[in-house]
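Trainee: Below: sequence and its predicted model.
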Amino acid sequence: MFKKLMTVLMVVGLAVGLYGCNTFAGAGKDIQKGGEAVEGAARDVQRSY
């Protein structure tokens, strides 16, 4: 019984950990895209002067 419970807890923990990594990776990509957009807008403003 104890081994089965530990196995289930380990699998659930692994799944939560992997899900969390994907979430942070996606957020990082979103932030990077936002930064690229700001950088592009700043370049456009510099060129207009």
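Mentor: Alright, I've got the coordinates. Here the structure is a predicted model, which means the values were calculated and not measured.
Trainee: use CA for all of it now, contacts and neighbours both
Mentor: Will do.
Trainee: Check the gap between A42 and I31 for me.
Mentor: Shown here: A42 relative to I31, a distance of 17 Å by C-alpha to C-alpha, to the nearest Å.
Trainee: I meant L14, not that one.
Mentor: 26 Å.
Trainee: Equivalent analysis for S48, please.
Mentor: Per C-alpha to C-alpha, S48 is found 26 Å from I31.
Trainee: so where's this structure shaky on pLDDT?
Mentor: Applying pLDDT under 70 to the chain picks out residues 18.
Trainee: show me where it has helices.
Mentor: Along the chain, the stretches classed as helices by DSSP state H are 2-48.
Trainee: Most distant residue from the centre of it?
Mentor: Ranked by distance from the centre of the chain (C-alpha atoms, centre = their mean), the top residue is Y49, with 36.9 Å.
Trainee: who are the neighbours in contact with that one?
Mentor: For Y49, the contact set (C-alpha atoms under 8 Å, 6 or more residues apart in numbering) is empty.
Trainee: I'd like the distance between it and A42.
Mentor: Separation of Y49 from A42 (C-alpha to C-alpha) stands at 11 Å.
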